[in-house]
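**Q** Provided below for reference: sequence and predicted model.
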Amino acid sequence: MSEQRWLVIRCPHCKQCFGHRSLKGRCPHCGQNLPRDTEVVCEVNSAPQLHIEVALANTPEELRGSLRKKLEKHHRSFEATQEFSPRSLMAYLRKKADDNGVIDRMSVLLALQQHQSDISVDALMERAESEGFALRLDDGHWQFFE
């Protein structure tokens, strides 16, 4: 299977950069058609890297170095939190629940801290409730559905 390829393209009309898979189409900023000789600033192999390169291409030259450091640091911390998906987290919490499928606030908090997640216990469990994974029994206790 071939690797993903993204182009960072500079529109010849409005001079704004954007990401696209090919040189065909229109600029998302000004709506103009892209001519065949449109400038390709760079090529990247991932959507997160595309985000960084487009932001840098649209930033004044003198600010690019510091912005690159900040964006790459943010990207690394984002990747670290994404390794443990919400679905995996719910499966992990189900395993931490007691024999009746009940889990308490402290157990959820410890799991979130262990996986370096910055979501709050209430936000996570409200999402679990709204998506039908869990039922609130009382303040600080939830029961997972089978």
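**A** Noted; the coordinates are in hand. Numbering: from 1, shown residues only.
**Q** if I pick Pro28, what's in contact with it?
**A** Phe18 (CB atoms under 8 Å, 6 or more residues apart in numbering). (C-beta placed from N, C-alpha, C; glycine too.)
**Q** you'd agree it is in a helix?
**A** No - using DSSP: H, G, I helix; E, B strand; the rest coil, the secondary structure at Pro28 is coil, not a helix.
**Q** worst-scoring helix or strand of the protein, pLDDT-wise?
**A** helix 64-82 (a mean of 66; mean pLDDT, DSSP states H and E).
**Q** and after that helix, which helix or strand comes next?
**A** Next along the chain after helix 64-82, taking DSSP states H and E as the criterion, comes helix 86-96.
**Q** I'd like to know the average pLDDT value across that following helix.
**A** Averaging pLDDT along helix 86-96 yields 82.
**Q** residues in contact with the helix or strand just after it?
**A** As assigned by DSSP H and E, the chain's next helix or strand after helix 86-96 is strand 102-104. With CB under 8 Å, 6+ apart as the test, strand 102-104 has contacts from Leu93, Lys96, Ala97, Ala134, Leu137, Gly140, His141, Trp142, Gln143, Phe144.
**Q** can we see that at 7 Å?
**A** Contacts with strand 102-104, where a contact means CB atoms under 7 Å, 6 or more residues apart in numbering, come from Leu93, Lys96, Ala97, Leu137, Gly140, His141, Trp142, Gln143, Phe144.
**Q** so the third one makes contact with Trp142?
**A** Spelled out, that is Ala97. No - look at Ala97 against Trp142 with CB atoms under 7 Å: they stay out of range, at 8.3 Å.
**Q** Which of these two has more residues huddled nearby?
**A** Taking neighbours as other CB atoms under 10 Å, Ala97 and Trp142 compare with Trp142 leading, 25 against 17.
**Q** In three-state terms, label that one for me.
**A** The local conformation at Trp142, judged by three-state DSSP, is strand.
**Q** who's the residue nearest to it when sequence neighbours are not counted bridged to?
**A** Closest residue to Trp142 apart from its sequence neighbours, by CB to CB, 6 or more residues apart in numbering: Ala134 at 4.4 Å. Note on Ala134: beta-bridge partners Phe144, judged by DSSP bridges.
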